[in-house]
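>>> fold the following, please.
(2 chains)
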Amino acid sequence: MPRQTFILNGKNITVDVHDDVRVLWVLRDLLGVTGPKYGCGINVCKACTSHINGLAFNPCSVRVGDLTADDEVTTIEGLPATVGKELHPMQQAWLDRDVPQCGYCQPGQIMAAVALVRKVRRVGRSVTEADLDGIRNICRCGTYTRIREAIKQGERHM
Amino acid sequence: MNAHDRSPDPAHEEDAAPPSVRRRSFLGYVIGGATLVAAADLTLADGAVAAIPTAPQPAEAYDLNDMLTDSCRPTANLITVTVHDDGTASFALPRLEVGQGITTSTAMLIAEELELPVSKVRVTLAPARPELLFNQLTGGSNTTISTYTPIRVAAAAAKGALLEAAAIQLGDTAENLRARNGVVHAPGGSSVTYAELATRAASPVTRAVRVELKDTSEFRVIGVGQSRVDARDAVMGRKDFTTDLQVKGALPTMVCRAPTLNGTPERLRNRAEILRMPGVRNVAKVDTGIAVRADTFGQCIDAIRAMKVDWKDGPVAGLGDADIVASLRAAQAALPAPPDNPLAETIDTEVLFYFRSNSAMDTNSAIADVRKDRATIWSGLKSPITAQQRIAEALGMSQDRVKVNVVTGGGSFGRRLFFDGALEAAKISQAMGKPVKLMWHRADDARVGRGHPMSTSRIRVTHANGEVLAFQQSHTSVETDFRHGLGEIISAMAADLPAGYGNLGYAETIFALTQEVPYDFGVVAQTLTETDDRFNTGSMRNIYSPDVRCAGELVVDQLAAAMGQDAYEFRRKFLRNDRVLAVLDKVAEVGDWGRPMPKGTAQGIAIHKEYKGASACLVEIDCRPRVVDRDIRDGVGGPRVTKVTYAIDAGLVVNPRGLEAQMQGGINDGIALALTSSLHLRDGHFLEASWDNYFYTRQWNTPPEVQVVLLPSDSGQPGGAGEAGVAATFAAVACAYARATGTVPTYFPINHRDPLQFKPKPVIPPIPQSPVNGLKLTY
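Residues are numbered from 1 along each chain as shown, chains lettered A, B, ... in the order given. The predicted structure follows:
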């Protein structure tokens, strides 16, 4: 069986699994990293949103064989370490606004929000209402109002 | 307290009231054991609650008098608060947390009476406890209504025991001591902590104690906004749902399902080939399909897509929406003839509501470890006792051999009243002889999972001389399945029904107990007819009310127009309930009712009364073409609700921050029901298989401006929160849409008959493959 090597939340990881198994299952089923959630498996609901080399991606739609040894995968579990704190400012904003209801989609929402702020900063601007309208992550509890408030707060502290 | 101190009426009695505060005393228990455990009877109800049908006293198994006769025998249907020697308290809640916030509000109730910070109260979910009978069902937004008193009684009994133990430690009498923040203080300044007292306060034997609850004026925790106790875990990815649990040997398992709704498997033709696939361990046929167990869920998906299965058609094979609409219309009861009054005018309305899905983010999932003589289940279950009974039956075991653990659910919206995943997982585990972690694919959850039945609501109103003479509403629905059994709200009523009514009797009881027309509309009647049990249905958030209220409020607007009156003023004039009137006035004021709106946009206003509370909603909608025709990739733009003002009087509010959150969520549900979300039945199956097919409200649909106003209430009793935001929103959006477009919709959601905005996924194979282009879509 092929050996797969990549960096997960700052640590080198090697796992024996076929190339075509999607990263989400490697994380959840083989490595026990359960912060990224399954919601559809077809890159629609975005509940598994994580980061690869600092950019948002959905591990349900990437073959583990397509990762290279120096690809850095960050899941919600590894987000605080990226700022060297107990909580990333976006997580703190989520707590301050008491965003989660059931909480299932929220790791993906937070990872998407962090990537959104970074993305607009790369082009020298801040998050707009249109950006918020464009977020595709589903929340079936309908926490959208507080998500929008939290992103604005998190952006100020990032 | 000695046995002879017991009152003949133990549930509650008026004590001589102190000058400023009138307290009511209750009977609690201190349970014998090594650490302090205090308890109350879960059927304890405050006198003021008696207006709703209360729990049937389970006299065959337990009776309050039996319990009193021998109070030293710990009674199995007690609920207990335990104080630990680290100064924390814990409580196993016999309800399911699915996001509605009951673990937080329960921790607040305990913190209040126990004088402990909320952070030191741990609330877990109790496994199935059959001895609780009707008291372990999460539904009807009833948790706080039914547990508000007993949980506080148990906490107060614990505090009493701590004070008694502290009195010995501090050399004073318990009456002189005060407990605050987990510490007991004596007047002289000495103190002792709960941590030090926990084992000293333990009682060698179980004893009954009389406790007094705080008066509402003394509350310091209840009524003060509290963030969720599980929020930190949720935002750190540490909140565990069923599929996050690691149970030894419980490998990923999925099911290949039929190409028609509820079709059944006959034969897997390529079993050997499937078993040779990478990662695949086991394959088994069960009544719902062909199950596969593998090292990863991805390999389960691969296996399902490769399966060649002979299927037997399901019961609606070949049928589509139009067939079901026709059979609903055929089942409709005749509306009563209008009154014989030459001056009267009659308005007849029929509104059709298509099938909708209560799919949660966390799909139907369960872990099952079935051995020869016993079974253990883990799942998000709102009726775990019924689940335990049905699973035991299916496995051919006695109920006590099946342990059912309740796991926090990633949403429910009524879906987890049933236990489809748990029952299926148990059958698969038995068939394979292995532990399984079953997860439904999203496509199955959307198509095969339970949903809200299609229904029609017909209303005939008659008015003359500015008065409404009659309001008759006849609701006809595909059956709503209540076979999970019913909780304390309903059982008393159901018990009075003649035998043989079955589900229809339950459905009609629930309908009768939830629907109300709070207007002075002369002769008012609302009836329910249910037909067709071929679909997978259940209670979806707010059950009948969103549809019934939407149709009703659309007619109210038509009546107002027919009488030449403003929609808000008309409602004011005809409402006969002060609480509803107050919330209506509040949204009109805060939301600026009647402000000038550009053409193609409009306001809508509506009310709802349920869950011992009252709510009103004022929305603004934009139906102009540039908004409706927004280009949304793989999604529906459509009219946009731009602003929502929502007011609720929910009675005594335990956690205002949680209540506001529930209203915000309910608002998005109401918008989805009105504008975007439905299931299309075509050729024997539902088409929707993804969140980009089933259009629940997304960020591009949600209102940019939302204001929720919580009204202070005269009611001293808590009301329900979880479902109270849906009906008034749905109705207000419908009314706003009708006003903005000049057309009263005759069906919902309004986009249901538009050309499909997605390409339906195949039914063979039944689930889609995961894409591989994720690295090209990073941002």
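>>> could you list the domains of chain A?
Per automatic domain parsing, the domain ranges recorded for chain A read A:3-78, A:81-157.
>>> cool, and chain B?
B:3-235, B:242-314+B:364-439, B:321-355+B:451-748.
>>> make JSON lines out of these and add mean pLDDT.
Formatted as JSON lines, the domains of chain B follow (pLDDT from 0 to 100):
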{"stretch": "domain B:3-235", "mean pLDDT": "79"}
{"stretch": "domain B:242-314+B:364-439", "mean pLDDT": "97"}
{"stretch": "domain B:321-355+B:451-748", "mean pLDDT": "92"}
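>>> how about TSV for those domains, with mean neighbour count added?
Backbone N, C-alpha and C define where each C-beta goes, glycine included. What follows is the domains of chain B, written out as TSV (neighbours: other Cβ atoms under 10 Å in any protein chain shown):
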stretch	mean neighbour count
domain B:3-235	19
domain B:242-314+B:364-439	22
domain B:321-355+B:451-748	21
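>>> what comes into contact with stretch A:76-94?
Residues from elsewhere that reach stretch A:76-94 (Cβ atoms under 8 Å, 6 or more residues apart in numbering or on different chains): A:8-10, A:33, A:35-36, A:50-51, A:74, A:95, A:100, A:106-111, A:113-114, A:117, A:150-151, A:153-154, A:157-158, B:231, B:235-238.
>>> check stretch B:628-644 too.
Outside stretch B:628-644, the residues that touch it by Cβ under 8 Å, 6+ apart are A:44, B:591, B:601, B:617-623, B:627, B:667, B:671, B:675-676, B:692, B:695, B:698, B:700-707, B:729, B:732-733, B:736-737, B:740, B:750-751, B:757-758.
>>> mind giving me a markdown table with the domains of chain A and columns for distance to B:Val123, mean neighbour count and mean pLDDT?
A markdown table is the format used below for the domains of chain A (distance: least, Cβ to Cβ, whole Å; neighbours: other Cβ atoms under 10 Å in any protein chain shown; pLDDT from 0 to 100):
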| stretch | distance to B:Val123 | mean neighbour count | mean pLDDT |
| --- | --- | --- | --- |
| domain A:3-78 | 22 | 21 | 98 |
| domain A:81-157 | 15 | 21 | 98 |
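>>> do you know which of the ones you listed lies nearest B:Leu343?
For B:Leu343, the closest of the domains of chain A is domain A:81-157, at 46.4 Å, according to Cβ to Cβ.
>>> show me what contacts B:Val144?
Residue B:144: Thr, not Val. B:Thr144 makes contacts with B:102, B:105, B:654, B:718, B:720-721, as judged by Cβ under 8 Å, 6+ apart.
>>> typed the wrong thing, it's A:Val117
So, once contact is read as Cβ under 8 Å, 6+ apart, A:Val117 ends up touching A:90, A:127, A:151, A:154-155, A:158.
>>> secondary structure element for it?
In this structure, A:Val117 is located in helix A:106-122 according to DSSP states H and E.
>>> please state the offset of that helix from the chain centre?
How far helix A:106-122 lies from its chain's middle: 8 Å, per Cα atoms, centre = their mean, to the nearest Å.
>>> B:Leu162 is in contact with B:Ala179, correct?
Yes. Using Cβ atoms under 8 Å, B:Ala179 is in contact with B:Leu162, at 6.6 Å.
>>> in chain A, what residue is nearest chain B?
Nearest residue of chain A to chain B, counting by Cβ to the nearest Cβ: A:Gly35, 2.5 Å away.
>>> per-residue pLDDT, the nearest residue to that residue once chain neighbours are set aside?
Nearest residue to A:Gly35, sequence neighbours excluded (Cβ to Cβ, 6 or more residues apart in numbering or on different chains): B:Gly237, at 2.5 Å. The per-residue pLDDT reported for B:Gly237 equals 98.
>>> what is the spatially most central residue of chain A paired to in the beta sheet?
Nearest to the centroid of the C-alpha atoms of chain A, with distances taken as Cα atoms, centre = their mean, sits A:Ser50, at 2.6 Å. In this entry, A:Ser50 is beta-bridged to A:Phe57, by DSSP bridges.
>>> any idea which element the residue in the stretch 151-300 of chain B positioned nearest to chain A lies in?
Nearest to chain A, among the residues of the stretch 151-300 of chain B, is B:Gly237, at 2.5 Å (Cβ to the nearest Cβ). B:Gly237 belongs to no helix or strand when elements are defined using DSSP H and E.
>>> I'd say it and A:Pro107 touch.
Yes. The pair B:Gly237 and A:Pro107 qualifies as a contact (Cβ under 8 Å) at a distance of 4.4 Å.
>>> need the residues touching each of those two.
Residues within reach of B:Gly237 and of A:Pro107 at once, by Cβ under 8 Å, 6+ apart, are A:35-36, A:75-76.
>>> which of these sits closest to B:Ser203?
A:Gly35 (43.3 Å).
>>> list the contacts of that closest one.
A:50, A:75-77, A:107, B:236-238.
>>> next, format those residues as a markdown table and append distance to B:Leu93.
Below are those laid out as a markdown table (distance: Cβ to Cβ, whole Å):
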| residue | distance to B:Leu93 |
| --- | --- |
| A:Ser50 | 32 |
| A:Thr75 | 30 |
| A:Ile76 | 26 |
| A:Glu77 | 27 |
| A:Pro107 | 24 |
| B:Met236 | 23 |
| B:Gly237 | 24 |
| B:Arg238 | 20 |
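>>> check the gap between the one residue in the stretch 601-750 of chain B that gets nearest to chain A and A:Gln101 for me.
Using Cβ to the nearest Cβ, the single residue of the stretch 601-750 of chain B nearest to chain A is B:Asn668, 3.0 Å away. Distance of B:Asn668 to A:Gln101, computed by Cβ to Cβ, to the nearest Å: 11 Å.
>>> cool, and A:Leu132?
A:Leu132 is 19 Å from A:Gln101, where distance means Cβ to Cβ.
>>> quick check: A:Thr14 vs A:Val33, distance?
For A:Thr14 relative to A:Val33 (Cβ to Cβ), the value is 14 Å.
>>> revised request: answer the last question for B:Glu345.
From B:Glu345 to A:Val33 the distance is 66 Å (Cβ to Cβ).
>>> and the helices in chain A?
A:23-25, A:89-96, A:106-122, A:129-133, A:144-157 (DSSP state H).
>>> save those as TSV, and put in distance to B:Glu508 too.
Output for the helices of chain A, formatted as TSV (distance: least, Cβ to Cβ, whole Å):
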stretch	distance to B:Glu508
helix A:23-25	45
helix A:89-96	44
helix A:106-122	39
helix A:129-133	43
helix A:144-157	36
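>>> what kind of secondary structure is the residue lying closest to A:Ile135 once chain neighbours are set aside in?
Excluding the flanking residues, the one nearest A:Ile135 by Cβ to Cβ, 6+ apart is B:Gln699, at 4.6 Å. Using DSSP: H, G, I helix; E, B strand; the rest coil, the secondary structure recorded for B:Gln699 is coil.
>>> gap between the strand ranked longest in chain B and the chain center?
Using DSSP state E to define each element, chain B has its longest strand at strand B:467-478. Relative to its chain's centre, strand B:467-478 lies at 26 Å (Cα atoms, centre = their mean).
>>> just checking: what are the partner strands of that strand?
Strand B:467-478 sits in its sheet next to strand B:455-464 (antiparallel), strand B:523-531 (parallel), going by DSSP bridges.
>>> pull the CA atoms of the last one into PDB?
It refers to strand B:523-531. Provided in PDB are the C-alpha atoms of strand B:523-531 (Å, rounded to 0.1, in the frame of the first residue of the first chain):
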ATOM      1  CA  VAL B 523     -67.200  30.900  14.200                       C
ATOM      2  CA  VAL B 524     -63.700  29.400  14.100                       C
ATOM      3  CA  ALA B 525     -62.800  25.900  13.100                       C
ATOM      4  CA  GLN B 526     -59.600  24.200  12.100                       C
ATOM      5  CA  THR B 527     -59.500  20.600  11.100                       C
ATOM      6  CA  LEU B 528     -56.900  18.100   9.900                       C
ATOM      7  CA  THR B 529     -57.300  15.300   7.400                       C
ATOM      8  CA  GLU B 530     -54.300  13.000   6.800                       C
ATOM      9  CA  THR B 531     -53.800  10.500   4.000                       C
END
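>>> right, I'll leave it there.
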